[in-house]
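J.: Next comes the sequence, and after it the predicted model I'd like to discuss.
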Amino acid sequence: MKHFTCMRASVTVAIVGAATLIVMPASATPGSGFVAAPVASGDFGTELDVKADKIEHWDLVLKTKEETLTGINRVTVQPGGYSGWHSHPIPIFLTVTVGEVQWFDGGDPICGWKTYHVGESFIEPANRIHNVRNATGSPAEFYAVRFNPAGITFFADAPKPTNCSS
């Protein structure tokens, strides 16, 4: 299974498509026991061109071309809960804070999945159909961070991919 973490010394994020707030999936593949609650959101009001000072072999560039919004959502997934199949037009940065979640990759030929535990972070790639599930008997929680342009739909519901049994 592929890990969606960045292993490169230099990271450039060019965000050119996305939107406003995390919303719940529509009727095609509705979620269950999955609640996204906004923690913070803001509007930088302009494009971003930020470069961190290099630290050894690591550096960071964040560059956007339009007005940029940011947001953090606290997502709770009840035991047996799931998000429903969906995608986002931008990468989403997630960190698990309670329990564990399974991330199902609808774009993988075998619909691979990975379990993430407390303290682990991962990236949901842009435009990748996926489903998040809590297969345990205890609640799970993660925080989702996004940077996106204003005025573009952030969430796209998707039918269950034919290559996925879960």
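T.: Nice, thanks for sending it over.
J.: Geometric centre of the protein: which residue is closest?
T.: Against the mean C-alpha coordinate of the chain, by C-alpha atoms, centre = their mean, the closest residue is I92 at 3.1 Å.
J.: most residues in a single strand of the chain, which one?
T.: strand 68-82 (DSSP state E).
J.: Would you mark the buried spots in that one?
T.: 68-69, 71, 73-77, 81-82 (16 or more other C-beta atoms under 10 Å). C-beta: built from backbone N, CA, C; applies to glycine.
J.: Which members of those residues are the farthest-apart pair?
T.: Pairwise distances across these peak at 31.0 Å for T68 and G81 (criterion: C-beta to C-beta).
J.: how far does stretch 32-52 sit from the chain's center?
T.: In terms of C-alpha atoms, centre = their mean, to the nearest Å, the centre of stretch 32-52 is set 11 Å apart from its chain centre.
J.: Can you give me the neighbour number for the closest residue to E66 other than its chain neighbours?
T.: Of all residues not flanking E66 in the chain, P149 sits nearest, at 4.2 Å (C-beta to C-beta, 6 or more residues apart in numbering). The local packing of P149 (other C-beta atoms under 10 Å) involves 21 other residues.
J.: Phi and psi next, for P149.
T.: phi -70, psi 150 (degrees, to the nearest 10).
J.: roughly how far apart are it and H130?
T.: 21 Å (C-beta to C-beta, to the nearest Å).
J.: go on, A52?
T.: Taken as C-beta to C-beta, the span from A52 to H130 is 29 Å.
J.: Neighbour count: these two, which is higher?
T.: H130 (24 against 11).
J.: Next one: that one from D43, what distance?
T.: 27 Å.
J.: Which residue of the chain lies farthest from its centroid?
T.: E56 (28.3 Å).
J.: Find me the pLDDT at that one, would you?
T.: E56 is assigned a pLDDT of 94 by the prediction.
J.: what does F155 give?
T.: Looking at F155, the pLDDT reads 86.
J.: and what of T29?
T.: 84.
J.: how about low-confidence regions in this structure?
T.: 1-28, 166 (pLDDT under 70).
J.: Where do the strands of it begin and end?
T.: 10-15, 32-43, 49-51, 59-64, 68-82, 86-87, 92-98, 100-105, 113-117, 121-124, 130-133, 140-149, 156-157.
J.: Of those strands, which is nearest C164?
T.: strand 100-105 (6.4 Å).
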